[in-house]
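>>> coords below, sequence missing:
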């Protein structure tokens, strides 16, 4: 327990391992990333998808008021490895999760039916 005082506290943070980068060379793993962007949503998310060698990425725009953090709804963009963009309009996070699982399920099945050559 920290006693109250007028002294300032310093918190030292350490960088974490970038999990997506650490698994980018795994074969036969369907890899999906997330991107929260404050600008250039599609371009920045596409760059992340390519650099981390993902099969898909789900991106959302961070607004100046902090939306969608601590909100019950969101709007996202799904980008697959073929660079097809699917925009999902603002809806409840539960509804968006259901819609995303439908598209991810289809692509995962395709991924397993037609594997890329090693």
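Cool, the structure landed. Predicted model only: the values in this text are computed from it and were never measured.
>>> for the residue nearest to the spatial centre of the chain, name its beta-bridge partners.
Averaging the C-alpha coordinates of the chain gives a centre point, and the residue nearest to it by C-alpha atoms, centre = their mean is residue 34 (0.5 Å). When bridges are called by DSSP bridges, residue 34 pairs up with residue 58.
>>> max-length helix in the protein?
Looking across the chain with DSSP state H, the single longest helix is helix 93-113.
>>> quick revisit: quick one: the residue nearest to the centre of the chain and residue 48, what's the gap?
9 Å (C-beta to C-beta, to the nearest Å). (Each C-beta comes from the backbone N, C-alpha and C, glycine too.)
>>> strands along this protein, start to end?
For the chain, the strands defined by DSSP state E cover 32-37, 56-61, 73-80, 85-92.
>>> can you say which of these is packed in most?
For the strands of the chain, the largest average neighbour count (mean count of other C-beta atoms under 10 Å) is found in strand 56-61, namely a mean of 22.
>>> hmm, back to that, the longest helix of the chain to strand 32-37, inter-axis angle?
Counting by axes from the mean of the first three to the mean of the last three C-alpha atoms, to 10 degrees, helix 93-113 points 140 degrees away from the direction of strand 32-37.
>>> thanks a lot, see you next time.
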